[in-house]
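> Here's a sequence, model it:
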Amino acid sequence: MSESPPPSSPSPVELREEMRGPVMWLTIDRQERRNAINAAVLEGLSDALARANRDTAVRAVVLTGAGTRAFCAGADLQSGTSFKFDYAAPYQGIANLFRQARQSTVPLIARVNGACMAGGMGLMAMCDLAVASRQAVFGLPEVKVGVFPAQVLSVLGGLLPRRVLAEMCITGEPIDAAQALELKLINRVSDDVDESVDWLLGRLLDKSPAAIRRGLYTMKKIEAMAFEESMAFTESQIGLFALTEDAAEGQLAFREKRKPQWSGR
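Below you'll find the predicted structure:
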């Protein structure tokens, strides 16, 4: 009788997911590759964001990288196929993730714990809020390997001044966390990045879930609209805000001088 082959070791989990109360934490766990993006990470992020947006119990998503060296170094260049794909397919990998983030009505928070480079800049920029440790650095070094930021520009363009973005793309040189804060690329810098995450969550989780979800929807929809189109859209949206249970409860609680009890509806 032939011997059975030894059991194969389980594949490493390259994207860890954890619920901490109403907050979904997503951690890219590829420290040996500075938390670089691969197909498994992209697939895991897309699946997690889809589930978070279907579950009204999820109030926020925190995205980070394992360890302290890197938030995300961008595409995994060790594969040799990072920028190759099926050119007949009109929608691709990380671009689809950015599209999905743009449609998210759950707040996305980037916890930038180290180097945030190339495609990692895209992951940070697709989030609604971002906090960073003081040792974090931000860069678009693609020109150093013969390519240029592409999809990342679609999510970074509205966050950085045109000349700053051009300099970062053309020189490939990074900026530090203090510069990123000054440029308003991130919301907060501190020695303890988790303290900043807790600070943001503490200011978010006690607010109306319904208002935040519909509010993010409204904010993201009007970004590409002309002024008059935007005004007409927001005129209709405020009427819908007012019809929610949270709006009724919030105004009643204000009149009764008490904390509101949100239903999220």
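> Could you pull up the contacting residues of residue 100?
Applying C-beta atoms under 8 Å, 6 or more residues apart in numbering, we find residue 100 in contact with 46, 49, 50. Yep, even glycine has a C-beta here, placed from its N, CA and C like the rest.
> Now the last one. Nearest residue, chain neighbours left out?
By that I understand residue 50. Leaving aside its sequence neighbours, residue 50 sits nearest to residue 100 (C-beta to C-beta, 6 or more residues apart in numbering; 7.2 Å).
> Surely the one you found is in a strand?
No. If the criterion is DSSP: H, G, I helix; E, B strand; the rest coil, then residue 100 is helix and not within a strand.
> any idea how far residue 152 is from it?
For residue 100, the distance to residue 152 equals 15 Å [C-beta to C-beta, to the nearest Å].
> ok, now residue 188?
According to C-beta to C-beta, residue 188 stands 22 Å off from residue 152.
> So which of those two has more stuff around it?
Using other C-beta atoms under 10 Å as the criterion, residue 188 and residue 152 rank with residue 152 on top: 26 against 16.
> Contacts only, for the spatially most central residue of the chain.
Of all residues in the chain, the one closest to the mean position by C-alpha atoms, centre = their mean is residue 127, 2.8 Å from it. For residue 127, the contact set (C-beta under 8 Å, 6+ apart) comprises 63, 101, 108, 109, 110.
> neighbour-wise, which of those leads?
In the contacts of residue 127, the most neighbours by other C-beta under 10 Å go to residue 110, 28 neighbours.
> And that one, how close does it get to residue 138?
When residue 110 is compared with residue 138 (using C-beta to C-beta), they lie 11 Å apart.
> now residue 224
Using C-beta to C-beta, residue 224 is found at 25 Å from residue 138.
> where does the stretch 51-200 of the chain dip in pLDDT?
Residues of the stretch 51-200 of the chain meeting the criterion pLDDT under 70: 79-86, 89-91.
> one more time with 90, if that's ok
In the predicted model, the stretch 51-200 of the chain carries pLDDT under 90 at residues 75-93.
> Helices of that one, residue ranges please.
In the stretch 51-200 of the chain, the helices defined using DSSP state H, counting those that start in this stretch lie at 93-103, 119-126, 151-156, 162-171, 177-182, 193-204.
> circling back to that earlier point, have a look at residue 224 and residue 138 and say which one is more surrounded.
residue 138 (26 against 9).
> That one: what's it in contact with?
Contacts of residue 138 by C-beta under 8 Å, 6+ apart are 112, 116, 117, 121, 124, 174, 175, 176, 177, 179, 180, 185.
> who's it bridged to?
Residues in a beta bridge with residue 138, per DSSP bridges, are residue 116, residue 175.
> coming back round to it: and the contacts of residue 100, which are buried?
46, 49 (16 or more other C-beta atoms under 10 Å).
> now residue 263: how far from residue 257?
20 Å.
> burial of the residue lying closest to residue 35 once chain neighbours are set aside, as a residue count?
Spatial nearest neighbour of residue 35, excluding adjacent residues (C-beta to C-beta, 6+ apart): residue 65 at 3.7 Å. Neighbour count of residue 65, defined by other C-beta under 10 Å: 28.
> And for the one 4 residues further on?
Counted with other C-beta under 10 Å, the neighbours of residue 69 add up to 14.
> That one reaches residue 112, doesn't it?
No. Between residue 69 and residue 112 there is no contact under C-beta atoms under 8 Å: 11.9 Å.
> quick revisit: which strand residues bridge the residue nearest to residue 35?
residue 28.
> Tell me who's in contact with it.
Per C-beta under 8 Å, 6+ apart, neighbours of residue 65: 27, 28, 29, 31, 34, 35, 71, 72, 113, 114, 120.
> Reformat those as TSV; add distance to residue 214.
TSV is the format used below for the contacts of residue 65 (distance: C-beta to C-beta, whole Å):
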residue	distance to residue 214
27	29
28	30
29	34
31	38
34	37
35	33
71	30
72	30
113	31
114	34
120	30
